Structure formats: structure tokens, C-alpha cells
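A.B. asks: coordinates only, no sequence provided:
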């Protein structure tokens, strides 16, 4: 597939031109949520070799090693159902979806809120699990997303949290969620100015936990990725 080849070129190219190839290799390995042990096993080498590269104890890898490294990440991802390859394609196709990611197991809503330093604003009571998340630019989402595009937003499952950035009062994102038949497991506003009472009422009507966080996007990604570690 063309998207897979583009992904391979992107990874290999970034490693090749990096001033710290080992650090870049580690970044991509963690993006794929692959352990050093699993990657080394797939490549047919010792895990210590991967560790040595990532920690700068070995010199820059040659082209053949980089090829094996990239191919192994892609093949492991394929065996899992290609969650990373799908995310790469979605992010490449739109400027509305800033990030999309799936967890390997169900995460309790309480643990999810705690991990993102979140604050529950709606009157949600009950048990709910999160299986992944999607980060959207709220302004672009409202302007550009078609009904078909929402299938991209939800990826493999609707049991995910929708993060909205560039939120001022939070009314428009909740209206968009209300009118669409597919519903997320939770809605999170990233660094909103304040929350309009209508947004909270709509969340209560739809029985969707409405959460806010003061973390920025990079901080959120770093914390949320730990669910797969």
C-alpha cells in the first residue's frame, strides 16, 4: 500500500538524518508501542542491541539495520491490526484530527481523568471505560468535518475520548456531538477559557462525561501513551 511505503520512508528518513539516531529510533518504537524485547525478537537480535542504540552506546546504525528496524515495526503493527498505520493515514489525510490513538486494554474513566489531570464538569455518575482517544481542532472540526469524516474520528471504536483544542466556551463542540448519531465515551476540552452552562447541560442530556484539562497537547500525549507501556 502507498500509505505504508510513505510511512516507511518517513521513519527511515528521520532516523537517517537525525543528529541522534538512537533517540529517534526510540521515539518511533514508543510511537508503535513496541517493547525493546518484542522488537529485538522480531528482528532476530538481542534486546541489548536495541538498548545500546537508543542510549548512544553504539554508533549510528547502517542502512540495512534501519531497514530491518522499520520493517519489523510495520510487521508487528500489522499483526496487531495496523493501529499505527491507520493513525498515520488519518493524520496525513486531514488537518482537523491532530492525533488518534488506541489503548490495548480498557481504561477506567476515573483512571483516565486522573492521568490527564482532568476535572469532571458534567454530572456524570456510573461506570465507563475508555479504549482510545482522538484530538480535534474544534474550530476546523466544526467547519470542515462531514458526516463521513466522523468515521475517521472514531477509528476502531466509539469507546474513546474526544479531545477538543481551541475551545473558548465549549458550546459548539457539544452541539456537534449531540447532533451526530455516533457518541464518544467522553469529551475533553483542552485548556478552555471557560465552560458554557449549555455545554454541561448537553453533556448531561447525552450522558457523556465532560472533562477539562489544563495540560497542553504534548503533555497529554506523553501521559496517555503510558497506558500502553
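C.D. replies: Structure received. Fair warning: this is a prediction, and the values are worked out from it, not measured in the lab.
A.B. asks: could you use CA atoms for every contact and neighbour count after this?
C.D. replies: Will do.
A.B. asks: residues in contact with residue 219?
C.D. replies: By C-alpha atoms under 8 Å, 6 or more residues apart in numbering, the contact set of residue 219 is empty.
A.B. asks: need the per-residue pLDDT for it.
C.D. replies: On pLDDT, residue 219 comes in at 92.
A.B. asks: how about the most centrally placed residue in the chain, secondary structure?
C.D. replies: The centroid of the chain falls nearest to residue 101 when counting by C-alpha atoms, centre = their mean (2.9 Å). Assigned by DSSP: H, G, I helix; E, B strand; the rest coil, the conformation of residue 101 is strand.
A.B. asks: from residue 65, how far out is it?
C.D. replies: Note on residue 101: its distance to residue 65, by C-alpha to C-alpha, to the nearest Å, is 27 Å.
A.B. asks: and the helix or strand hosting residue 71, what's buried?
C.D. replies: Using DSSP states H and E, residue 71 sits in helix 63-79. Residues of helix 63-79 classed as buried by neighbour count (16 or more other C-alpha atoms under 10 Å): 66, 69-74, 76-77.
A.B. asks: now do the domain split for this protein, please.
C.D. replies: 2-81, 94-228 (automatic domain parsing).
A.B. asks: so which of the ones you listed is the most surrounded?
C.D. replies: Highest mean neighbour count among those (mean count of other C-alpha atoms under 10 Å): domain 94-228, with a mean of 17.
A.B. asks: and that domain, how far out from the chain's middle?
C.D. replies: Counting by C-alpha atoms, centre = their mean, to the nearest Å, domain 94-228 is centred 12 Å from the centre of its parent chain.
A.B. asks: ok, stretch 23-30 next?
C.D. replies: Counting by C-alpha atoms, centre = their mean, stretch 23-30 comes out at 16 Å from the chain centroid.
A.B. asks: how far away is the residue nearest to the centre of the chain from residue 213?
C.D. replies: 18 Å.
A.B. asks: same question, residue 61
C.D. replies: Distance from residue 61 to residue 213, by C-alpha to C-alpha: 40 Å.
A.B. asks: how about residue 158?
C.D. replies: Distance from residue 158 to residue 213, by C-alpha to C-alpha: 21 Å.
A.B. asks: where's the nearest residue to residue 191 once chain neighbours are set aside relative to residue 131, distance?
C.D. replies: What sits nearest to residue 191 in space, not counting adjacent residues and going by C-alpha to C-alpha, 6 or more residues apart in numbering, is residue 214, at 4.6 Å. Per C-alpha to C-alpha, residue 214 is found 22 Å from residue 131.
A.B. asks: check residue 107 too.
C.D. replies: 6 Å.
A.B. asks: can you give me the helices in this structure?
C.D. replies: 2-17, 21-31, 36-43, 47-54, 63-79, 83-93, 109-115, 138-144, 149-154, 171-179, 197-206, 217-225 (DSSP state H).
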